[in-house]
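# Turn this into a structure:
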Amino acid sequence: MTEELPLEITPRETRNHMDSGLPVLLIDCREPHEHAICRIEGAQLIPMNTVPTRLQEIDSAAGEGRVIVYCHHGMRSLSVVSWLRRQGVERCQSLSGGIEQWSLEIDPSVPRY
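Predicted structure coming up:
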């Protein structure tokens, strides 16, 4: 049995996980117009309303590693992660504070809006 992950993960923990070389799927659940403004390098754009159609793909990625979902401030991603967990995708987390917090704490080159 695997340990239960907290619903949220901090930007620093996310960066450390990405740097560790362990498999991680970083999902941007914002809308395409938001993604055009700024993004975290390596993230895959899967807008919130399309997540259900990509469930199998996301579940498969969670089986290989960890799925971390982010949005602008962390509210939509928390909803997505809660929904994914109800579908049985356990190894997923929401980036607390979203890309806004990522820009403040990790990468100030990521534009804020």
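# From Q87, how far off is M48?
As judged by C-beta to C-beta, to the nearest Å, M48 and Q87 stand 14 Å apart. For the C-beta atoms, the positions are set from N, CA and C on the backbone; glycine is no exception.
# Neighbour count: those two, which is higher?
Taking neighbours as other C-beta atoms under 10 Å, M48 and Q87 compare with M48 leading, 18 against 13.
# Hmm, the more buried one is touching C71, no?
Yes: assessed by C-beta atoms under 8 Å, M48 is found in contact with C71 at 7.4 Å.
# shared neighbours of the two, which are they?
Counting by C-beta atoms under 8 Å, 6 or more residues apart in numbering, the common neighbours of M48 and C71 are 29-30, 80.
# Give the buried residues for the lengthiest helix in the chain.
Ranked by residue count, the top helix of the chain under DSSP state H comes out as helix 75-86. Using 16 or more other C-beta atoms under 10 Å as the test for burial, helix 75-86 gives 76-81, 84-85.
# now swap in stretch 83-100 and tell me
The neighbour-count check on stretch 83-100 (16+ other C-beta under 10 Å) flags 84-85, 89, 91-100 as buried.
# tell me the mean pLDDT for that stretch?
Here stretch 83-100 scores 97 as its mean pLDDT.
# ok, now stretch 60-76?
Stretch 60-76 comes out at a mean pLDDT of 96.
# Please list the residues outside that stretch that contact it.
By C-beta under 8 Å, 6+ apart, the residues outside stretch 60-76 that reach it are 5, 8-9, 14, 17, 22-30, 34, 40, 43, 48, 58, 77, 80-81, 84, 89-102, 113.
# Could you dump the buried residues of stretch 83-100 into CSV with distance to D107 added?
CSV is the format used below for these (distance: C-beta to C-beta, whole Å):
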residue, distance to D107
L84, 25
R85, 28
V89, 27
R91, 24
C92, 22
Q93, 19
S94, 18
L95, 12
S96, 16
G97, 13
G98, 13
I99, 9
E100, 12
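# element containing the one residue sitting closest to the centre of the chain?
The residue lying closest to the centre of the chain (C-alpha atoms, centre = their mean) is V69, at 1.5 Å. Secondary structure assignment for V69, by DSSP states H and E: strand 66-70.
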